[in-house]
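Okay, sequence plus prediction incoming.
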Amino acid sequence: MAQVFNSAAAVLQAVGQDLGTTGWLAITQERIDTFADATGDHQWIHVDPVRAQGGPFGTTIAHGYLTLSLANLFLPQLVQYQGLKMGVNYGCDKVRFPAPVPVGARVRGHGAVVAAEPVKGGGVQATVRITVQIEGSDKPGCVVDTISRLFF
């Protein structure tokens, strides 16, 4: 269940708050291939299961940027804003890929509000850290600090 914020003040007060986790999502070869088609990145470690068996991971792996893009899927499952006049993605900080995400793995997003500050015009800039957890792995597939500008 997503945490709901209805004002800039509520977001500012949420710094340090854990937002919980999403449900699990299976990383299929179809998802990897679709991402490869969308981005033009057809490197064999992503799209050639036969060749990837002999590679460093023993199977195909999700693109790092595919894993990163899941933050966009997970974020609204973790946090929602009511009464928002406008919200924009401002950017990302500290993107890391600590572990590969093999095909067939299940991943989920974990969120935490790591920073918030007022911005000109009465809005707030919120930084939410999304950690893409891999089921059964001690290391995440991606950690990213997403930055949003919100105007209520």
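In hand now; what should we look at? The structure displayed is predicted, hence computed values, not measured ones. Numbers count the residues shown, from 1 in each chain.

Output the longest strand anywhere in the chain as PDB, nothing but the C-alphas.
Longest strand in the chain by number of residues, with DSSP state E as the criterion: strand 106-119. Extracted in PDB, the C-alpha atoms of strand 106-119 (Å, rounded to 0.1, in the frame of the first residue of the first chain):
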ATOM      1  CA  ARG A 106      12.000 -11.900  -9.100                       C
ATOM      2  CA  VAL A 107      12.500  -8.300  -8.000                       C
ATOM      3  CA  ARG A 108      10.700  -5.700  -5.900                       C
ATOM      4  CA  GLY A 109      11.100  -2.100  -5.000                       C
ATOM      5  CA  HIS A 110      11.900  -0.800  -1.500                       C
ATOM      6  CA  GLY A 111      11.500   2.900  -0.900                       C
ATOM      7  CA  ALA A 112      12.600   5.500   1.700                       C
ATOM      8  CA  VAL A 113      12.400   9.200   1.700                       C
ATOM      9  CA  VAL A 114      16.000  10.300   2.100                       C
ATOM     10  CA  ALA A 115      15.700  14.100   1.600                       C
ATOM     11  CA  ALA A 116      13.200  16.900   1.100                       C
ATOM     12  CA  GLU A 117      13.600  20.600   0.800                       C
ATOM     13  CA  PRO A 118      11.400  23.600  -0.200                       C
ATOM     14  CA  VAL A 119      11.800  24.900  -3.700                       C
END
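
what about the strands in the protein?
For the chain, the strands defined by DSSP E occupy 3-5, 18-21, 25-26, 79-81, 86-96, 106-119, 123-134, 142-151.

What mean pLDDT does the shortest one get?
Which is strand 25-26. Averaged over strand 25-26, pLDDT sits at 98.

which secondary structure elements does that strand contact?
Packing contacts for strand 25-26, counted by 3 or more C-beta pairs under 8 Å, 6 or more residues apart in numbering; DSSP states H and E, involve strand 106-119. Any C-beta I mention is one placed from the backbone N, CA and C, and that applies to glycine too.

Which neighbours in the sheet does the strand it packs on have, and how are they oriented?
When pairing is defined by DSSP bridges, strand 106-119 lines up against strand 18-21 (antiparallel), strand 25-26 (antiparallel), strand 123-134 (antiparallel).
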